[in-house]
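Let me see the structure of the following:
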Amino acid sequence: MIALVAGVSAGTETAHAAPPIVRNQNHAYDLDWIQVWWALRQKCRGCHRPGTERHDLTSYAAIIGRGPDGDSPIVVPGSPEESLLYEQLVWNHAADPDSPLPDEPAMPPDRLEWFSAGQLQALERWIRNGARQYRRPPVPGGEPLLEVHFPSAKECAACHPRQYDQWSRSMHAYAQHSPVFEAFTLTMIERTGGTIGTFCTRCHTPIGVSLGETGSTRNVCRSRLSMEGITCVVCHRMQRPYYKASGRLPVTPGQADQGCMYGPFVDAVPVAGGHPAQGSGYLLKSEFCGSCHDVTSPQGVRLEEAFSEWQNSPAAKEGHTCQHCHMGPIQGVPIARNERPWGKAAVVPGVDPASLPDRPLSDHTFSGPDYSLLPDTEFPHKLDWMYEQDYRDTARLSPHQRDTLTRLRIRNRTQLERARFKRYELLRNAARLHVTHPQCAEQGDRIPIRVDVESLVAGHNLPTGFTAERQVWVEVAIIDPHGHVEIVSGGLDENGDLLDEHSHEVEAGHLRADHHLLNFQSKFVSLTAQGTERTVIIPVNRHLAPLNVIRPPTTPAQSFGRPFVFRVAKSSLPPLQTAGRTYHARMHGDPGTSTIRVRLNFRNLPPSLFDKIGIPHLKHLLETVVIDEYAGCVEVR
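Alright, predicted model coming up:
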């Protein structure tokens, strides 16, 4: 009898466990290939694609294989010096006077897109090591997703330069870059014991979540594709409606030519070496935007309701969608697609533009209330060599690096100015002030000043989105004949905060609260251990537990009309509605002409939030935009 346990004798025979079988298979595992392919796809794919006269650089097989005319391969494994690809891309990047390399590479033609030192070194190593393709050994459950499994927006720019130019300065591109969002997410993860997971980042970087990046992954450790935020394929790979809120959207992997791109046009035009394309009516509906712009926390707190507000708005009744206002030529004004400017939706290198139809053009700036807080060297664009070297140390930069850094700053500042113009345009079309007051008064009299705010927005409340952080308030001031300004309401403390319960100086008793403040900012309200409620800045209730673990509620919020321990007190102005207040101001000044100044101010974030999430050094970048302003005179006798 043979024993069933290894090493235990039974009679004269012993059973032994079978040794593991190890097969030495040559799995290509060259990390340099990932960097090489990433650079080739972004910088060369527009011209070097299948079906054209130029060598195809869109796949490993095409790069290693022979050219379209059967000529010699452009890559000779083991010999960079004999490889035409390396010869066309290499150049004297270090500005070494003794180098035999050319001062400028043959390709790419754009000076800002020349291969950096690190990319050239990776290309040289990859070829010298045998020009192997990166491939993982087969694993159960399929191959894990990597950065090379999704196309970058820069690849789309080759044929869609107009759309890429607009998108690159948009808040969709900025979504994960935002230092405020990164700090806010890290604060939420700390305050929820990590149980919030990727709830925030799955909207701001869907591809980053698909690649396995966690909610607490710092931006400096994220992949470049993850930092593209809401990149092209997030929207244009949506093959069917999912009707899920809070950013629960899948992103179909595959290179640009390996998956269908869905757009608003039903008559797609095939292009040699291009991607498959189909029309999708879902892209034209507000439900598409609502996937990320309606956010409900796992505990049932409705954090954002832009789409829900639209569903019940006059705009929805009139058939106006989000795209009509936010993708038209005038931000904030509904313009139907057939009333937009017409032009070429694509400009394909090597293809006669006359063969492509004219289309109604959509604006991919997606203007909103936010703007970049990053230096003009970090957003919207950044050069490849800046990931390899500290560009702030200008003494160590080569002439090429100094030149391209200057060009980059000019380009980025132009882009940021265009984004600022569109943001101001949106805010100007948001609301209007109506002010009435007496024309004459006696010295020392209290006069009534009636201020009404009329919303011009038909599609959602003012403000909308993350309304607990958006501030739209009325500032009333009296300027006496000597120019002295007295703030009646709407003033700020030394930290720049409004004089409400979130002002540290008001909370400490150093300043009086502004009880007449007309502010359309919503507030997070938490239930305290005493059974009372108080407003908080961070949407986590720490009054009932020092460490909050986010879990589904035990009772449905719908049964009570609100979550049990936390809610949002909405104060935003409904669509096309008017709300106001009467201020009673005493005319303290000397006899003469006094001026009453009323401003409707907007600020996307309050300074107190920056203090709470640990980025007070960025408060000086906060901007208050005057949406509308009124000035009138009062004769004081």
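
Now the nearest residue to residue 102 once chain neighbours are set aside: phi and psi?
Using C-beta to C-beta, 6 or more residues apart in numbering and skipping residues adjacent in sequence, the residue nearest residue 102 is residue 91, 5.5 Å away. Just so you know, the C-beta spots here come from the backbone N, C-alpha and C atoms, and that holds for glycine as well. Main-chain dihedrals, residue 91, degrees, to the nearest 10: phi -160, psi 170.

Share the number of residues neighbouring residue 91, please.
18 (other C-beta atoms under 10 Å).

residue ranges with poor pLDDT in this structure?
Along the chain, segments meeting pLDDT under 70 span 1-29, 67-70, 135-143, 553, 557-561.

again, only this time at 80
Within the chain, the stretches with pLDDT under 80 are 1-30, 66-72, 134-144, 239, 272-273, 545-564, 589.

Spatially, what comes nearest to residue 303 if we skip its sequence neighbours?
residue 295 (4.5 Å).

Could you grab the helix/strand/coil label for that neighbour?
strand (DSSP: H, G, I helix; E, B strand; the rest coil).

May I have the residues that are in contact with the residue nearest the centre of the chain?
Residue closest to the mean C-alpha point of the chain, counted by C-alpha atoms, centre = their mean, is residue 175 at 1.7 Å. Residue 175 sits next to 181, 203-205, 229-230 when contact means C-beta atoms under 8 Å, 6 or more residues apart in numbering.

how about the helices of the stretch 501-637 of the chain, start to end?
Along the stretch 501-637 of the chain, the segments classed as helices by DSSP state H, counting those that start in this stretch run 504-507, 557-560, 607-613.

just to revisit the earlier point, now the residue nearest to the centre of the chain, nearest residue through space, not along the chain?
residue 229 (3.4 Å).

One more: residue 599?
Using C-beta to C-beta, 6+ apart, the closest residue to residue 599 is residue 475 (4.5 Å).

hmm, who's touching stretch 542-555?
191-193, 195-196, 199, 297-300, 526-529, 534, 540-541, 563-565.

again but with stretch 239-247, I slipped
Looking at what lies outside stretch 239-247 - C-beta under 8 Å, 6+ apart - the contacts are 199, 202-203, 206, 248-250, 252, 260, 262, 280, 282, 287-288, 290-292, 294-296, 307.

surely residue 292 meets residue 203?
Yes. Applying C-beta atoms under 8 Å as the test, residue 292 and residue 203 come out as touching, 4.7 Å apart.

how about stretch 74-91: buried residues?
Across stretch 74-91, burial judged by 16 or more other C-beta atoms under 10 Å covers 74-77, 80, 83-86, 88-91.

Redo the helices of the stretch 501-637 of the chain as CSV? Include distance to residue 372 and mean neighbour count.
Shown next, in CSV, are the helices of the stretch 501-637 of the chain (distance: least, C-beta to C-beta, whole Å; neighbours: other C-beta atoms under 10 Å):
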stretch, distance to residue 372, mean neighbour count
helix 504-507, 27, 16
helix 557-560, 36, 11
helix 607-613, 15, 21
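
So which residues of the stretch 201-350 of the chain form strands?
Applying DSSP state E, counting those that start in this stretch to the stretch 201-350 of the chain gives strands spanning 261-263, 277-279, 294-296, 302-305, 342-344.

For these, could you give me JSON lines that also reports distance to residue 457?
Converted to JSON lines, the strands of the stretch 201-350 of the chain look like this (distance: least, C-beta to C-beta, whole Å):
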{"stretch": "strand 261-263", "distance to residue 457": "28"}
{"stretch": "strand 277-279", "distance to residue 457": "30"}
{"stretch": "strand 294-296", "distance to residue 457": "17"}
{"stretch": "strand 302-305", "distance to residue 457": "14"}
{"stretch": "strand 342-344", "distance to residue 457": "27"}
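
So for residue 121, which of those sits nearest?
strand 261-263 (33.7 Å; C-beta to C-beta).

what is residue 455 paired to in the beta sheet?
residue 431 (DSSP bridges).

heads up, I number from 7, so please use that
Will do, 7 is the new start, and the previous item becomes residue 461.

Tell me how far it lies from residue 355.
According to C-beta to C-beta, to the nearest Å, residue 461 and residue 355 sit 46 Å apart.

Between those two, point out the one with more neighbours.
Counted by other C-beta under 10 Å, residue 461 and residue 355 do not tie: residue 461 has more neighbours, with 21 against 14.

Identify the residues contacting that one.
436-437, 467-468, 579-584.

and if we set it to 6 Å?
Contacts for residue 461 were tallied using C-beta atoms under 6 Å, 6 or more residues apart in numbering; they are 437, 468, 579, 582-583.
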